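Peer 1: What follows is a predicted structure for the sequence shown.
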Amino acid sequence: MGKYDPREEERIKECLFIIKNNPGIKLAKLAREKRVEYFKLRRRINRIPDQRTKGGHNKRLSPIQEEGFKRYISYLIRIGQPPNKQGLRYGANRILQQCGEIGKGVSKEWATRWLTRNTEWFKTIRAKTISAERKAVHDREDIEAHFRDFRYALGEWGVCQEDVYNMDETGFRVGCINSRYVITHTNTKNVYLADPECRD
């Protein structure tokens, strides 16, 4: 089977229009002139669409299961436990098992294909590890409250802006979780994974 070419399909549509207005036209000659495959043109005349344009018949999850699966992923993202592709497969297999389907479950490639079909909802991103204590306070309201207090302290003690310095520490932690690719919503820029402090 040749590679699907949408431009060729457009030319086939032109051929079908010409055939409709000229029923006695020679198909082989028309196929050569329009640069389309003769047998493909014959299939379209017989109303047989390209196999790759059908889609949807081999999806493992039904539309209702698919909707529940999306909600489950969104829930995991919201509680700070975004899944990876292995987690997607596990979740899909659990749904199928609960619905009484007996079999080997979804394949390794299923998660990649599912994400490709749902790019308007989800994407993969490399998550960054962060100390569990730091993640617990990694909240917008807490950070805004910190800077309100900071500005108040500057005014209270008469500290000028040129006397304020930004200082940070440099080092490394032992026995930490590696960053990994996880699934998250398309509008998310960063994902942080909670990691217990040094476990040596």
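Peer 2: Looks like it arrived, so ask away.
Peer 1: drop to CA atoms for contacts and neighbour counts, all remaining ones
Peer 2: Noted.
Peer 1: starting at the chain centroid, how far to the host helix or strand of Phe147?
Peer 2: Here Phe147, judged by DSSP states H and E, is contained in helix 140-157. Using Cα atoms, centre = their mean, to the nearest Å, the mean C-alpha position of helix 140-157 is found 38 Å from that of the whole chain.
Peer 1: Who are the packing partners of it?
Peer 2: For helix 140-157, there is no helix or strand it packs on, judged by 3 or more Cα pairs under 8 Å, 6 or more residues apart in numbering; DSSP states H and E.
Peer 1: Tell me which residues are up against the next helix or strand after that helix.
Peer 2: Heading C-terminal from helix 140-157, the first helix or strand you meet, by DSSP H and E, is strand 181-185. Residues outside strand 181-185 that contact it (Cα atoms under 8 Å, 6 or more residues apart in numbering): 74, 77, 82-85, 121-127.
Peer 1: Please apply the same query to stretch 88-96.
Peer 2: With contacts defined as Cα under 8 Å, 6+ apart, stretch 88-96 is touched by 61, 65, 69, 102, 105-108, 110-111.
Peer 1: cool, and stretch 41-51?
Peer 2: Contacts of stretch 41-51 with the rest of the structure, by Cα under 8 Å, 6+ apart, involve 12, 15-16, 31.
Peer 1: taking the mean pLDDT, what do you get for it?
Peer 2: Mean per-residue pLDDT for stretch 41-51: 79.
Peer 1: Give the helix, strand or coil label for Ile125.
Peer 2: In three-state terms, and counting by DSSP: H, G, I helix; E, B strand; the rest coil, Ile125 is strand.
Peer 1: and it, bridged to which residues?
Peer 2: Beta-bridge pairing of Ile125, defined through DSSP bridges, involves Val182.
Peer 1: contacting residues for it?
Peer 2: With contact taken as Cα under 8 Å, 6+ apart, Ile125 is in contact with 181-184, 190-191.
Peer 1: That concludes my questions; thank you for your assistance.
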